[in-house]
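**Q** Take this sequence and fold it.
(one chain, ligands or ions: 2)
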Amino acid sequence: MKRLFLMGRSEAGKTSLTQAMKGEELHYVKTQYTYSEDTTIDTPGEYAETKSASTGLACFSFDADVVAMLCAADEPFSIFGNNCNCCINRPFIGIITKVDSPLANVPKVRQWMENAGCERIFEVNNKTREGVEALIKYLDEDSINISLEEAKRKQACGINAWE
Ligand SMILES: Nc1nc2c(ncn2[C@@H]2O[C@H](COP(=O)(O)OP(=O)(O)O)[C@@H](O)[C@H]2O)c(=O)[nH]1
Ligand SMILES: [Mg+2]
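**A** Ligands and ions are numbered 1, 2, ... in the order given. Okay, the predicted model is just below:
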């Protein structure tokens, strides 16, 4: 299973997603530091929200196979800029949580993720686990292994190494 790196603002549902992926009931835990498990790396929202701490995200992401930007469907604005994928050397996906929220605006969040450069976008409800299986299925697929030389050649052409 590919190892998933989670980044997003506080309360977006990152820790809940790790619980939903394990089939656990949701229980609130304040994420005080980066939690590295077999299949996920869960980060504090403050890392994504604070410029001085954001370098930590880049460092921890190197231990993952896939990097996910995670936004709740009811977030009023995105903290991720356009074309974030150009500074991430892993497959970059989007995960929309809280699709059950009465204030959910999934098309808006999808647009943020497309603008950021996410190659796949998943919609989940951590409470009911709706959509979580599709994410797990994607993570179960084999990752694409390429040589450093091939990665460099593709990057020189301005395309993602694994495309
Ligand atoms: N309705 C709803 N609430 C959620 C969902 N995911 C997380 N939550 C709630 O949102 C709050 C913050 O979740 P948490 O996982 O701690 O966010 P984190 O800061 O990104 O780790 C908690 O009260 C969760 O129960 C979801 O998909 N739907
Ligand atoms: Mg958390």
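**Q** what helix or strand does the residue most central in space within the chain sit in?
**A** In the chain, the residue lying closest to the centroid (CA atoms, centre = their mean) is Ala68, at 1.4 Å. Assigned by DSSP states H and E, Ala68 falls within strand 66-72.
**Q** Next to ligand 2 in this structure, residues from this structure, please.
**A** Residues of the chain found near ligand 2 (CB under 5 Å from the ion) are 14-15, 31. To be clear about C-beta, it is placed using only N, CA and C from the backbone, and glycine gets the same treatment.
**Q** top of those residues by neighbour count?
**A** Neighbours here mean other CB atoms under 10 Å. Within those, the largest count is held by Lys14, at 27 neighbours.
**Q** Just list the residues touching that one, thanks.
**A** 6-8, 31, 42-43, 45, 70 (CB atoms under 8 Å, 6 or more residues apart in numbering).
**Q** Give me the pLDDT for it.
**A** Reported pLDDT at Lys14 in the predicted model: 97.
**Q** Low-confidence stretches in the chain?
**A** 162-163 (pLDDT under 70).
**Q** Establish whether the helix of greatest length in the chain and ligand 1 are in contact.
**A** Assignment by DSSP state H gives helix 106-116 as the longest helix of the chain. No. Helix 106-116 is not in contact with ligand 1 by CB under 6 Å from any ligand atom; minimum separation 12.0 Å.
**Q** And that helix, what does it pack against?
**A** strand 66-72, strand 92-97, strand 120-123 (3 or more CB pairs under 8 Å, 6 or more residues apart in numbering; DSSP states H and E).
**Q** tilt between it and strand 66-72?
**A** 150 degrees (axes from the mean of the first three to the mean of the last three CA atoms, to 10 degrees).
**Q** List the buried residues in helix 106-116.
**A** 108-110, 112-113, 116 (16 or more other CB atoms under 10 Å).
**Q** In TSV: those, plus distance to Cys87.
**A** Converted to TSV, those look like this (distance: CB to CB, whole Å):
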residue	distance to Cys87
Lys108	24
Val109	21
Arg110	21
Trp112	17
Met113	16
Ala116	11
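**Q** out of those residues, who's nearest ligand 1?
**A** Val109 (12.5 Å; CB to the nearest ligand atom).
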